[in-house]
Structures are given as C-alpha cells and as structure tokens.
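# This is a predicted model, with the sequence first.
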Amino acid sequence: MSIEIKNLSHIYSQGSPFESIALDDISAVIDKGSFIGLIGHTGSGKSTFIQHLNVLLKPTMGQIFIDGIDINDKSTKVKSIRQKVGLVFQYPEHQLFEETVEKDVAFGPENLGLGDAEIKKRVKDALTMVGLDYDKIKDKSPFELSGGQMRRVAIAGVLAMKPSILILDEPTAGLDPRGRDDILNVISELHRREKITVILVSHSMEDIAKHVEKIMVMFDGKIKIFDTPQNVFSQVDLLENIGLAVPQVTYLMRKLKEIDPLIDQNIYTVQQAKEEIIRMMRRRKDA
Amino acid sequence: MLKDVTIGQYYPTNSFIHKLDPRTKIHFTFLYIIALFTIDNFYGYLAAFALLMGITLVSKIPVGYILRGIKGLVFIILITVLINLFMTPGTPKFEIWRLTITEEGLEIAAFMALRLIFLVTGTSIMTLTTSPIALTDGIEYSLRSIPGVKKYAHELAMMMTIALRFIPTLMEETDRIMKAQKARGADLESGNLVQRAKNLIPILVPLFVSAFRRADELAIAMEARCYRGGHDRTRLNELKYNKRDVYAYFVILGMMVAIFATRWL
C-alpha cells in the first residue's frame, strides 16, 4: 500500500487571530511495506501529518493518494480508508470505554459491520498478537489492567481492524523499558510477517534506529530529511540544530574515532557498536 | 467543530475595553441585562444597538466574530419566535392552514428575538474582551462586597477559575477521544436520535474517566503546595480601579438611563 503525499498544507483556525501553519507544502512517497520512523520536536507537525493519512483532518491544500486513490475525494468512502489506515494515538489507553476487554477490542471490527464469528476471531488474533492471553483477559474490565496491559489492549483494538498501514504516535511513551521493548517487538514482528506498512512516531532515537528502514525528519511543518537511518544520523549538526539528536552510541563512536581514526562513526545501534568495538580492539591487539 | 463556539472565548486586542477593570465590565453587563428587560418599544433596541456598536468599535473585535456567538442559539431563537408567532392571541393578520398569526404575535416574536440576540451579543462582548482569569478575579472582588457571601467568595471564584481553566483542556480531550474512536471506525454523524446518543458512549466514558483523573491529580498538586482556601490569602495582583473605569462608569450609566428613558418615547 503506497502513500503519496502531494503539496500537503494544513492551517489551523484559518482567519482567526490564532491562525497557525502546521504543515507547509509537504510532498513525499511512502513505499508499500516499508517501516518509516517519523521524528521531529514537539510542534513540528508530526501529529497533524499522521491525522491526515486517515482523513481525521482534511488538507487546507494538497492531496493524499493511498494506492492511487485520492482519500479526500468525495466518492471515497471514509470508513474504508480508516480500515486500511490504522492509527494508534498517543496514550491510546485513554480511549478504552467498554465493560470488558473483548468488547472494547471488538468495537473497531463491529463498526466495519463484520459477522460475529469473524469479529470473535479477529479479537482473539489481535489480543494474541500483542502478547496477551485471550482466555485470561477477555472478560476483565479494561480499567482494572496495568498501564502496559491497557496500552496493548488499545493497540489490539486498532489491529483487529486489520489495517494494511499502521501508524503509531509514540506507542511507548510512559512505559517501562520492558513494556517498551515488548510493544516495539510486536510492531516489528507484524511488519515482518504481515508485510504491512508501519509509520512510527517516536522521540527515542534508539528505538527508531533499531527498528525502522527509513526516517522522516520534520521541522516547522516541513519534511527536512527523508532517508535511510545511516544518511539521517550522519547529519548530527543538522539534527541538533532542529532540536533532535542521534542515538547515544553514535556519540560514543564519534568520540572513539578521535582516539582511533580508523573506526566507523556511522553506527547507530548498540549491536553494531559492539561489533565495531570488537573489530577495533582486535586490530589494535594485532598491531 | 468544537473550536467554533465563541461564547466564553477571549479575543485579545489592545483596546480601551480590554484594559478596563473586569469589575467595570461585569457590572456593566449586569446593568445592561437589566436595562434590556426594561425596554418596551423598538426605540429602546435602537439605543441598545447604538451602545453595542460603539463598544464593538472601541474593542477592535471584528463584528463577524461577535455575531458568530448567535449561530449557536439560532435554534432557541427560532423556537421562541415560532411559539410567540402562533400562540399569541389578538387581532388576526395572516392565516396559514390552521394557524393564525396575530399582529400582537408578530410584535412579541420580533421583540423576543431581538432581546435574545442583544443578550447574547452583549454578554459575549464581555467574555471576548476579558480573559477568564481577569473575569473570575472580578467576580471574586464583586462577591466580596456582598455581606453573607463574603466568606465563600474565594472558594467560589477558585471553583470558577478551575472550571474555566479546564474547558479548553476538556475540549481538546474530547477532540482527541473523538478522533481516536473515529480512527476505529466510529460513526458520529449519522443515524437517528437514539443511535446518535448511543454513539456518544465511546466518547463520554473515556472523557469522564479522564476528567476524574485530572480532578484527582489537580487536588493532589494543590495540596502538595499547601493550598488552604481563602484563609488570609493575599494576592499577587490586586485589582485597582483606574481613571478610565470612572469614565466608563459615567458613559455606561448615561447609556442605561438613555435606554430606560425610551420607555416614554
């Protein structure tokens, strides 16, 4: 499912004294089945941008095509777009409302008008996918779960709609390291197995570096860079200028390069760093 | 959608009206409402119109912005007009099917519609020119001068401040929850009345949960900073009447007398 964004602009409260330009003439193509990381400091337009992708916001100017279909065209069914493009908001556990976990996860599929058997199957699949025990959890109230479990139930609520594009707005905010890794691994696994397109908004450069294939950097309502992690994280000065950073290991490797000029400083995961440091130590021992 | 509500919104400009003491504006609004109800002919509305126009011009708020406040009340105004139009007994003027419109009915309907419109625009000028914080300060000071209420003035004002403070937060929250449920395919715009009411459950439940959570957090945060209500509390900014308030009181009182005097025209 490819996404094509053409000259997209969005202005909030146009014509009032509170007018503000949130998106400024954005154009990009997101390939089918890719895993994109979206970064940018607060207020750079990330949230506004992702809400356009499933018609929660309408462009002030410009167009968005998903698989060649103009999603803001009058003849396009909004519901079918929202089924295709699953959007998990920040703190998605705040949207839980049903009496039981099962009913809450079923809310999306029910809105799609599916049959009972199919809904039940999807709920079970979705809950299993996020690493929860369906039989144990289905009759519990979503409000008596732990924070991490609530988050997973909420994500399952979106997965149960079987989207082919999944957008997550900081899905790990406020979780402990274990919960964070679990959720990111679920998403990565889903991307690998089901070949769905994933757009991950995050403030953690480490998470982004570890999981995504391409990074979109937003600043001031514009797309500043859209490239591979390697090419993005090599531009340290630019990133720092717009209030971002590179992963901590990259800073470490840059420091090490001052000691040993042969070292590769374009490294952004701990795994890569480990291998490079071992290589360096072997080289120095041999010399 | 929710951002279109102008009642209670603040529109910052640097005008004479904005700089007035909030008490002046509150007292004006109070008097204005009373004056509106004393009007018994159309000359009175002409005077009220002149007064509102004058204030609007001085406040530098676009007229269209003030009129937007009426939009939300179109329904109420319409019902008022219709009921008065058909239910007032008197000399018949037109007859439509089995309903009669009387001369008196026409007059009262127009009167009521004007009264409502003037009420809404007049009071929305106050909220448009006064920030919510200044407004509650003004209310607190005004309440203090009423014996018996004095003891609770601070608590009442604090409750109002908090309520006002949370309106935008809750609006944002509602907006967010609505979007989240729409992203899960919730349909909020179609269906009959019962269906639509049912569709609100996925929005209201999370909204209440979050409102209670916020209230709880706020209470703890206030206690953590040793908040003890009105006991000997001093304030950072005391309200002080200025020379311009004196002028404003004269102008306002003059206009009120003028509106009241139209009864004898």
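The structure has been received and is ready for your questions. Residues are numbered from 1 along each chain as shown, chains lettered A, B, ... in the order given.
# Give me the pLDDT value at the closest residue to B:Ile33 other than its chain neighbours.
In this structure, B:Ile33 finds its nearest non-sequential neighbour in B:Leu119, 6.7 Å apart by Cβ to Cβ, 6 or more residues apart in numbering or on different chains. In short, each C-beta sits where N, CA and C put it, glycine included. On the pLDDT scale, B:Leu119 is placed at 90.
# for B:Lys151, same thing?
Reported pLDDT for B:Lys151: 79.
# Could you measure from the residue nearest to B:Ile33 over to B:Gly105?
21 Å (Cβ to Cβ, to the nearest Å).
# Which one of those two is surrounded by more residues?
Using other Cβ atoms under 10 Å in any protein chain shown, the more surrounded residue of B:Leu119 and B:Gly105 is B:Gly105, with 23 against 16.
# State the distance from A:His203 to A:Ala245.
10 Å.
# My reading is that A:Lys255 lies in a strand. Confirm?
No - counting by DSSP: H, G, I helix; E, B strand; the rest coil, A:Lys255 is not part of a strand but helix.
# and it, how many neighbours?
Neighbours of A:Lys255 (other Cβ under 10 Å): 11.
# hang on, the earlier thing: check the contact between the residue nearest to B:Ile33 and B:Ile34; I expect there is one.
No - here B:Leu119 does not reach B:Ile34: they are 11.3 Å apart, not a contact under Cβ atoms under 8 Å.
# Pull the contacting residues for the residue in the stretch 1-150 of chain A that chain B sits nearest to.
Among all residues of the stretch 1-150 of chain A, A:Asn111 sits closest to chain B, at 3.2 Å; criterion: Cβ to the nearest Cβ. By Cβ atoms under 8 Å, 6 or more residues apart in numbering or on different chains, the residues touching A:Asn111 are A:79, B:184-187.
# Low-confidence bits of chain A, can you list those?
Within chain A, the stretches with pLDDT under 70 are A:1.
# Around chain B, pick out the residues from it.
Residues of chain A lying close to chain B (Cβ under 8 Å from any Cβ of the partner chain) are A:13, A:16-17, A:51, A:54, A:56, A:79, A:82-83, A:86-87, A:89, A:92, A:94-97, A:107-108, A:111-112, A:143, A:157-158, A:161.
# are any of those residues buried, and which?
A:51, A:54, A:56, A:79, A:82-83, A:86-87, A:89, A:92, A:94-97, A:107-108, A:111-112, A:157-158, A:161 (16 or more other Cβ atoms under 10 Å in any protein chain shown).
# In three-state terms, how would the one residue in the stretch 151-265 of chain B that gets nearest to chain A be classified?
Using Cβ to the nearest Cβ, the closest approach of the stretch 151-265 of chain B to chain A is made by B:Gly185 at 3.2 Å. The three-state label given to B:Gly185 by three-state DSSP is coil.
# And for it, nearest residue in space, chain neighbours not counted?
According to Cβ to Cβ, 6+ apart, the nearest residue to B:Gly185 is A:Asn111 (3.2 Å).
# In chain A, which residue is most central in space?
Centroid check for chain A by Cα atoms, centre = their mean gives A:Leu200 as the closest residue, at 1.3 Å.
# Heading C-terminal from the lowest-mean-pLDDT helix or strand in chain B, find the next helix or strand.
Here the helix or strand of chain B ranked lowest by mean pLDDT, DSSP states H and E is strand B:92-96, holding a mean of 73. Using DSSP states H and E, the helix or strand that follows strand B:92-96 in sequence is strand B:99-102.
# who touches that next one?
By Cβ under 8 Å, 6+ apart, strand B:99-102 touches B:85-86, B:88-95.
# residues in contact with B:Leu73?
Going by Cβ under 8 Å, 6+ apart, B:Leu73 touches B:116, B:120.
# Check the spacing between it and chain A real quick.
Distance, B:Leu73 to chain A, by Cβ to the nearest Cβ, to the nearest Å: 20 Å.
# ditto for B:Phe49
Separation of B:Phe49 from chain A (Cβ to the nearest Cβ): 25 Å.
# OK, contacts around that residue?
Neighbour list for B:Phe49: B:Phe118 [criterion: Cβ under 8 Å, 6+ apart].
# which ones are touching residue 133?
This is for chain A. A:Leu127.
# you looked at the wrong chain, it should be chain B
Residues near B:Ile133 by Cβ under 8 Å, 6+ apart: B:Thr161.
# Kindly indicate whether it is helix, strand or coil.
helix.
# Can you tell me how far it is from B:Ile61?
With distances taken as Cβ to Cβ, B:Ile133 is found 19 Å from B:Ile61.
# what do you get for B:Ile79?
28 Å.
# Then B:Arg184?
Distance of B:Arg184 to B:Ile61, given as Cβ to Cβ: 40 Å.
# Look at those two and report which has more neighbours.
More crowded of B:Arg184 and B:Ile61, by other Cβ under 10 Å: B:Arg184, with 28 against 22.
# any idea how far that one is from A:Pro109?
Distance from B:Arg184 to A:Pro109, by Cβ to Cβ: 9 Å.
# any idea which element the residue of the stretch 151-287 of chain A found nearest chain B lies in?
Closest to chain B within the stretch 151-287 of chain A is A:Gly157: 6.1 Å, counting by Cβ to the nearest Cβ. A:Gly157 belongs to helix A:147-159 when assigned by DSSP H and E.
# Contacts made by that helix with the rest, please.
A:86-88, A:92-93, A:95-96, A:101, A:104-105, A:107-108, A:123, A:126-127, A:129-132, A:137, A:142-143, A:145, A:166, A:168, A:171, A:174-176, A:179, A:182-183, A:186, A:190, B:183-184.
# switch the cut-off to 7 Å
Identification of contacts with helix A:147-159 by Cβ atoms under 7 Å, 6 or more residues apart in numbering or on different chains yields A:86-88, A:92-93, A:95-96, A:101, A:104-105, A:107-108, A:126-127, A:129-132, A:142, A:145, A:171, A:175, A:179, A:183, B:184.
# got it, and stretch A:13-22?
Here stretch A:13-22 makes contact (Cβ under 7 Å, 6+ apart) with A:10-12, A:45, A:48, A:60, A:221, B:3, B:11.
# buried stuff in it?
The neighbour-count check on stretch A:13-22 (16+ other Cβ under 10 Å) flags A:21-22 as buried.
# Please save the CA atoms from that stretch in CSV.
Extracted in CSV, the C-alpha atoms of stretch A:13-22 (Å, rounded to 0.1, in the frame of the first residue of the first chain):
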residue,chain,number,x,y,z
SER,A,13,-8.0,28.3,12.7
GLN,A,14,-7.6,30.0,9.4
GLY,A,15,-8.9,33.6,9.5
SER,A,16,-8.8,34.0,13.3
PRO,A,17,-6.1,35.6,15.4
PHE,A,18,-4.9,32.1,16.4
GLU,A,19,-4.1,31.0,12.9
SER,A,20,-1.0,28.8,12.6
ILE,A,21,0.6,26.9,9.8
ALA,A,22,1.1,23.3,10.9
